[in-house]
Every structure is written in structure tokens, then in C-alpha cells.
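Q: below is the structure, and that's it, no one-letter string:
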């Protein structure tokens, strides 16, 4: 039978260690970016969002409305800043709207 450690640690610390040990951070970052986009943009933009993909430090967002794509392109830097603040770390460096 395995010996049980009696050192009590917070679950948050244990989960962070597990994620780092198993190299899961990149996958979790992709999920976090999708959730942040959905929360920040709201239903109006989400209805026209067809695909969201994070590659390296670039977020690719495919939109079905060219008018909306043009509108969002004016606030490109602000959107990147809001996404990173929402996630809590700087994951997205560039936003590409397609």
C-alpha cells in the first residue's frame, strides 16, 4: 500500500504542479482565450464568430460579417489588452480577424 503524505497543500498549488508536469498549459490557454472572447464580446459578436484559434501568440478569429470584422479591426489593440487582462497573463500578442 502506498504511503500517504501528511503535508497539506492547497488544491490550487497541486493543480498548477500537475498542469506544469504534464505540459497542459498550451491547451488550457487555448480554452481560456475562447472563454474570454465569448465573455468579453457578448452575444452580438459571438453570433457572427465562426472560429477561434490560438497559434503561438496570435489569435485568429473568423467572422461571418465583413462589416463587423472592419468595426473590430479599429479596436484591435484594445481587444488584445482586454483579453489578456481577462485571462490574467499575456497570452495574445496579435489579433487577426478573418
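A: That came in fine, so what should we check first? Not measured: the values here are computed from a predicted model.
Q: tell me which residue is most central in this protein.
A: residue 33 (1.3 Å; C-alpha atoms, centre = their mean).
Q: all the helices of this protein, residue numbers only.
A: All helices of the chain, identified by DSSP state H, fall at 11-21, 25-46, 66-74, 76-87.
Q: I'd like the ones you listed as CSV, with mean pLDDT appended.
A: As requested, those are exported to CSV (pLDDT from 0 to 100):
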stretch, mean pLDDT
helix 11-21, 85
helix 25-46, 91
helix 66-74, 94
helix 76-87, 94
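Q: just send the ones you listed back as TSV, with distance to residue 95 too.
A: Every residue, glycine included, has its C-beta placed from N, CA and C. Formatted as TSV, the helices of the chain follow (distance: least, C-beta to C-beta, whole Å):
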stretch	distance to residue 95
helix 11-21	25
helix 25-46	10
helix 66-74	8
helix 76-87	5
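Q: thinking again about what came up before, was I right to think the residue nearest to the centre of the chain contacts residue 55?
A: No: shown here, residue 33 and residue 55 do not form a contact pair, counting by C-beta atoms under 8 Å, at 10.9 Å.
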